[in-house]
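In: A predicted structure for the sequence below; I have some questions about it.
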Amino acid sequence: MRDKKGRFTKGQEASGRPFRTLDERAIEAGKASGAARREKGDLKKLLRIWMETEVSTDKQGNPITGAQLMLQVAVKEMRKGNPKFWELLRDTAGFKPVERIAVSEVDQAIIDEVENLVREAEERN
């Protein structure tokens, strides 16, 4: 609401809604976060059920689960040359490369100096 001069009245935001305290906003955010987490969990459960369910049959009449269908599509895309599906299949098969930190060579004099500094600090304490 505005007063006669067009200014917002006390306790109102520019939108006309009442001001909310930080606690009130935190409670709303927490509720929204919980709802989003539950929805994500529900979708995950549905996907797992679908993956275990028979969704089709192959040419010989054998049942195909959702997971097998997903694998067939991924292989088809990989054969087309899609690099994301190459990566997906490699990682799923357990061949994901390990990321390692390279350690460069350090001069022995620097190592000795650091060890002396550590030793001196321990002696002081």
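Out: Thanks, I have the structure now. Note that the structure is predicted; figures quoted are calculated from it, not measured.

In: contacts, neighbours, all on C-alpha from now
Out: OK.

In: what are the ranges of the strands in this protein?
Out: When assigned using DSSP state E, the strands of the chain occupy the ranges 54-57, 63-65.

In: ends of stretch 93-104, how far apart?
Out: 32 Å (Cα to Cα, to the nearest Å).

In: From the chain's centroid, how far away is that stretch?
Out: Centroid separation for stretch 93-104 versus its chain: 20 Å, with Cα atoms, centre = their mean, to the nearest Å.

In: on that earlier part again, please work out which of the strands of the chain is packed deepest.
Out: strand 63-65 (a mean of 16; mean count of other Cα atoms under 10 Å).

In: Once you drop chain neighbours, what's closest to residue 52?
Out: With sequence-adjacent residues excluded and distances taken as Cα to Cα, 6 or more residues apart in numbering, residue 52 is closest to residue 65, at 5.7 Å.

In: Give me the pLDDT for that neighbour.
Out: Looking at residue 65, its pLDDT reads 93.

In: can you pull up the bridge partners for it?
Out: Counting by DSSP bridges, residue 65 is bridged to residue 54.

In: contacting residues for it?
Out: 50, 51, 52, 53, 54, 55, 56 (Cα atoms under 8 Å, 6 or more residues apart in numbering).

In: try it again with 10 Å
Out: For residue 65, the contact set (Cα atoms under 10 Å, 6 or more residues apart in numbering) comprises 49, 50, 51, 52, 53, 54, 55, 56, 57, 71.
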